[in-house]
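Peer 1: Sequence and predicted structure below; questions after.
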Amino acid sequence: MKKIICLGIVTFIILMTSVSALAVVLDPDAYDECGYFPGTPKIYVEYYINPTFATSYSSVASKVQPAVTSWNNSNTAISLYSTSQLYGPNYVYFSYMSNSDPNYFGECHVYSYSIMGPEIDYSYVYMNVSNSKITAPSSSYANYPLSTMCHELGHAIGLGHTQLTSEKYISLMCTARDRNAIYFPVYTDIRHVHNLYY
């Protein structure tokens, strides 16, 4: 009987260790929110730029800093700061991806080690470097790169898409927004972040 109990305890420990090593992908397409970074009252989140992204696609990677600044200046609980090495958790990783769809600008993957709630441990922001509206925008698409970077960073800190068409002109998180007019967080987005963190 003692062997069975010991075997059961060992099996339980192994299972719990395995589960905690798996990251759950949270859904950025969820309405309003997909998760949040733990902490209070101010949450400090590291960000790191993939070196290849920074050098090979510098015109796109250069939008990271203005995007971070716009979110940091929005008076929310989140404070993002650059790091040369990821220590995690609580980080956002900026990189690139390739998708031939001309209407695909970027994506964000949000991960959590928690199986009990939507706490974010880290997020990956990817910019689509196969889209010329992102890598070499004409004047008609001048703000698309920054709008996309800020939008994906919104996902990275926990915001989902705003699906209401009435918010298309007043939310960075609306996929149907005018990317030339809305390229930084506005009141609606800031209110959603306050709802998550306060």
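Peer 2: Perfect, thanks for sending it. Numbers count the residues shown, from 1 in each chain.
Peer 1: spatially speaking, which residue is in the middle of this structure?
Peer 2: For the chain, the residue whose C-alpha lies nearest the mean C-alpha position (Cα atoms, centre = their mean) is A156; its distance is 1.4 Å.
Peer 1: What is the burial count for the nearest residue to that one once chain neighbours are set aside?
Peer 2: Excluding its sequence neighbours, the residue lying closest to A156 (Cβ to Cβ, 6 or more residues apart in numbering) is S123, at 3.6 Å. C-beta here means a position set from N, CA and C on the backbone, and glycine is covered the same way. When neighbours are defined as other Cβ atoms under 10 Å, S123 has 28 of them.
Peer 1: Mind listing what's buried along stretch 63-75?
Peer 2: Residues of stretch 63-75 classed as buried: K63, V64, A67, V68, S70, W71, S74 (neighbour count, 16 or more other Cβ atoms under 10 Å).
Peer 1: Report the beta-bridge partner residues of the residue nearest to A156.
Peer 2: On DSSP bridges, the residues paired with S123 through beta bridges are V92, V110.
Peer 1: Next, work out how far apart it and S139 are.
Peer 2: Using Cβ to Cβ, to the nearest Å, one obtains 31 Å as the distance from S123 to S139.
Peer 1: swap in Y198?
Peer 2: Distance from Y198 to S139, counting by Cβ to Cβ: 39 Å.
Peer 1: neighbour count winner among those two?
Peer 2: Taking Y198 and S139 together and counting by other Cβ under 10 Å, Y198 has the greater number of neighbours (9 against 6).
Peer 1: Leaving out the residues flanking it, which one is nearest to the more buried one?
Peer 2: Counting by Cβ to Cβ, 6+ apart, A77 is the residue found nearest to Y198 once chain neighbours are left out, at 6.5 Å.
Peer 1: where in this structure is pLDDT low?
Peer 2: Scanning the chain with the threshold set as pLDDT under 70 gives 1-34, 39-41, 115-117, 164-169.
Peer 1: if we can go back for a sec, how about the residue nearest to the centre of the chain, phi and psi?
Peer 2: Taking degrees, to the nearest 10, you get phi -60, psi -30 for the backbone angles of A156.
Peer 1: is it true that it touches Y126?
Peer 2: No - A156 is beyond contact range of Y126, at 10.5 Å (criterion: Cβ atoms under 8 Å).
Peer 1: Mind listing the shared neighbours of these two?
Peer 2: Here A156 and Y126 share the contacting residues C108, scored by Cβ atoms under 8 Å, 6 or more residues apart in numbering.
Peer 1: Quick one: residues contacting the residue nearest to the centre of the chain.
Peer 2: Each residue near A156 by Cβ under 8 Å, 6+ apart is listed here: V92, C108, V110, I120, S123, Y124, V125.
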